[in-house]
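[1] Any chance you can model this:
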Amino acid sequence: MTRASTSSVYDLNGQIHFLGRIYTFLGWLGLIGSGFLLFALFSSQTTPAGGTQTGLFGISPHLSVFLLICWSILLLNFSKDITGPRKWSTGIAGVVIAAMNLISVPVGTAVGLYTLWVLFQYRRIQ
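    Numbering: from 1, shown residues only. Next up, the predicted model:
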């Protein structure tokens, strides 16, 4: 490999900042989406005959939106830390976040694999 291609592939600071921008986008996208879902939940006045609503995996839609808000805030904190001091985001917590992203196909899988690759390259150099 030439020197130019080697430095561009292993420019981890650039890769890490790009990863931070991806997670910032995903975090804000999740918060905006959860806002729309909350609006839809509270604006609908209909409930099933039993009086309770069940959503995905038998949990209530309100709990699903709450979990989405928590996940989005976690992604925003991860993006802030990975582009800044990198105290907790490059350790096991970053690997856990990347592994949890692998579940959501296809975008989360791609982002999770890219995150794992960047974090393992970062750890290999450290």
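[2] Select the longest helix from the protein.
    Using DSSP state H, we find that the single longest helix of the chain is helix 12-43.
[3] what's it packed up against?
    helix 61-83, helix 107-125 (3 or more CB pairs under 8 Å, 6 or more residues apart in numbering; DSSP states H and E). C-beta: built from backbone N, CA, C; applies to glycine.
[4] now for the ones you listed, which one comes closest to residue 94?
    Smallest distance to residue 94 across the helices and strands packed on helix 12-43 (CB to CB): 5.1 Å, for helix 107-125.
[5] Now do the same contact list for the nearest residue to residue 69 once chain neighbours are set aside.
    Counting by CB to CB, 6 or more residues apart in numbering, residue 69 lies nearest to residue 34, which is 4.9 Å off, once chain neighbours are set aside. Residues in contact with residue 34, defined by CB atoms under 8 Å, 6 or more residues apart in numbering, are 65, 68, 69, 72.
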